[in-house]
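# Next input, structure requested:
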Amino acid sequence: MSEENKKLPSVTTVTGWEKKKFFANWRRKNPKEAGRVTRRGNKLHSVIEDYINNKKLVLAEIPPLECDLFLQLKPELDKLDNIVALEVPLYSHKIGLAGRVDCIAEYEGELCVIDFKGSTREKQKEHIDNYMMQSTAYCLLWEDMTGQKIDKFKILISCETGETQVFTGKPSKWVKSLFEATKMFWREQNV
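Just a heads-up that it's a prediction; the model follows:
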């Protein structure tokens, strides 16, 4: 099979590969909670996209949890300007990945890849390497597809505990980890 016809793995599959077994086991043991957090994430993303697209939001029609998470995150969303991409598919045979970026926009005047997350509780930076690699991948994919380099990313997390977290990173610090994760993925696929 030629490189051009080879199916590209998703960014989230590759960056989450190391944690895959843990989460598969957790989902098997906690099916209700797994379903709840999946629905929460999908609904929160949908509300954020509608807000960024200037669609009229009727807060009373949004489920209470997702409404609270959105309202917590709204001050950070209001820092976005000059939206370049929202839920846009990206891919690169050179990089060997494909995915859908949440957002590319100026955040406080600086062009960034922006990833939106909902969480049950606050995250520790040392536990979100997969998020950092995911955002790095979108920076690289965007540059490969458009020629436009993005030197910064933001990960915006709205937590059920009432906290909003903003993690900032530079793709240059995560490229090596991303490529190691990609190699590990392919090695375990026996390809």
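
# contacts for the longest strand along the chain?
In the chain, ranked by residue count with DSSP state E as the criterion, the top strand is strand 80-92. Residues outside strand 80-92 that contact it (Cβ atoms under 8 Å, 6 or more residues apart in numbering): 8, 45, 49, 52-53, 97-107, 109, 111, 114, 138, 140-142, 144-145. All C-beta atoms are positioned from the backbone trio N, CA, C, and that covers glycine.

# From these, keep the buried residues only.
Buried members of the contacts of strand 80-92, counted by 16 or more other Cβ atoms under 10 Å: 8, 45, 52, 97-99, 101-105, 107, 111, 114, 138, 140-142.

# Restricting to C-alpha, output stretch 148-168 in CSV.
In CSV, the C-alpha atoms belonging to stretch 148-168 read as follows (Å, rounded to 0.1, in the frame of the first residue of the first chain):
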residue,chain,number,x,y,z
GLN,A,148,1.1,28.9,8.4
LYS,A,149,3.2,28.2,11.5
ILE,A,150,1.5,28.3,14.9
ASP,A,151,3.9,28.6,17.8
LYS,A,152,1.5,28.3,20.7
PHE,A,153,-1.5,26.4,21.9
LYS,A,154,-4.1,26.8,24.7
ILE,A,155,-6.0,24.0,26.4
LEU,A,156,-9.1,25.4,28.1
ILE,A,157,-10.7,23.0,30.6
SER,A,158,-14.0,23.6,32.4
CYS,A,159,-14.2,21.5,35.5
GLU,A,160,-17.3,20.2,37.3
THR,A,161,-15.6,21.4,40.5
GLY,A,162,-16.2,25.0,39.4
GLU,A,163,-12.7,25.7,38.2
THR,A,164,-11.5,26.8,34.8
GLN,A,165,-8.0,25.8,33.8
VAL,A,166,-5.9,27.3,31.0
PHE,A,167,-2.8,25.4,30.0
THR,A,168,-0.4,27.1,27.5
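
# For it, buried residues please.
For stretch 148-168, burial by neighbour count (16+ other Cβ under 10 Å) applies to 150, 152-160, 164-165, 167.

# Same check on stretch 58-70?
Of all the residues in stretch 58-70, those buried under the rule 16+ other Cβ under 10 Å are 62, 66, 67, 68, 69, 70.
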